[in-house]
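Student: sequence and computational prediction follow.
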Amino acid sequence: MSIQKDMSGILFPTKEADTSYYDYTGWCFIHGEKYGLRCTIKRSEKTGNEYYKLESNDGLDGAMFLKEKKSDRHPDFDGNVKIGDDKFWLSAWINEFTKAGKPSGHINMRFNEPKENYLPVDPEDVPFKGTPVADVDCDDNGENGNLPF
């Protein structure tokens, strides 16, 4: 199986789970660059919640957290990774199946760049700032562009 789609990746359980330090290994492609990944399941000292620590020899560092799924289409994990000064959101899905009569599987990952337009609006740019509610005409039933509520 070869995944070479940009902004995606895959993690496989290590075959020697009892003797390997890493629980999963794999790779990802971000902006055309391939990163070898190592993943270790850890537990937060503050919350006690489990998370998956991601790292590579190429400067990729991050974590993903198991979350409650709203539907089968929603990811099993979300998190983020950092490569140098660049940050990326991460969504991941567990893909379980049976191979040669034995349970098997892997984790598929998708990376997205954070949206800059989620920054808060400057309060000075709000057009109705400082307009008292009493000065708004609510009795014209929407005829002059005002909403009748």
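Tutor: Sure thing, it's come through.

Student: any idea how far residue 12 is from the residue minimising distance to the centre of the chain?
Tutor: Within the chain, one residue has its C-alpha closest to the average C-alpha position: by Cα atoms, centre = their mean, that is residue 90, at 3.0 Å. Relative to residue 12, residue 90 is positioned 17 Å away (criterion: Cβ to Cβ, to the nearest Å). Just so you know, the C-beta spots here come from the backbone N, C-alpha and C atoms, and that holds for glycine as well.

Student: what residues are up against the residue nearest to the centre of the chain?
Tutor: Counting by Cβ atoms under 8 Å, 6 or more residues apart in numbering, residue 90 touches 54, 62, 64, 77, 78, 79, 80, 81, 109, 110, 111.

Student: what about the fifth one, neighbour count?
Tutor: Which is residue 78. 14 (other Cβ atoms under 10 Å).

Student: now do the contacts for it.
Tutor: Residue 78 touches 64, 65, 67, 89, 90, 91, 92, counting by Cβ under 8 Å, 6+ apart.

Student: ok, and the closest non-adjacent residue to the fourth one?
Tutor: Right, residue 89. residue 112 (4.6 Å; Cβ to Cβ, 6 or more residues apart in numbering).

Student: wait, the one you found sits on residue 87?
Tutor: No. Using Cβ atoms under 8 Å as the test, residue 112 is too far from residue 87 to be in contact (10.4 Å).

Student: which stretches in this protein count as helices?
Tutor: Counting by DSSP state H, the chain yields no residue ranges for helices.

Student: biggest strand in it, by residue count?
Tutor: The longest strand of the chain (DSSP state E) is strand 86-99.

Student: could I get the buried residue list for it?
Tutor: 88, 90, 91, 92, 93 (16 or more other Cβ atoms under 10 Å).

Student: over to stretch 38-56?
Tutor: Going by neighbour count (16+ other Cβ under 10 Å), the buried part of stretch 38-56 is 38, 39, 51, 52, 53, 54, 55, 56.

Student: of those, which is the nearest to residue 71?
Tutor: If you rank the buried residues of stretch 38-56 by distance to residue 71 using Cβ to Cβ, residue 52 comes first, at 21.6 Å.

Student: contact partners for the residue nearest to that closest one when sequence neighbours are not counted?
Tutor: Sequence neighbours aside, residue 64 is the residue nearest to residue 52 in space, at 4.8 Å (criterion: Cβ to Cβ, 6+ apart). Neighbouring residues of residue 64 by Cβ under 8 Å, 6+ apart: 51, 52, 54, 77, 78, 79, 90, 92, 109.
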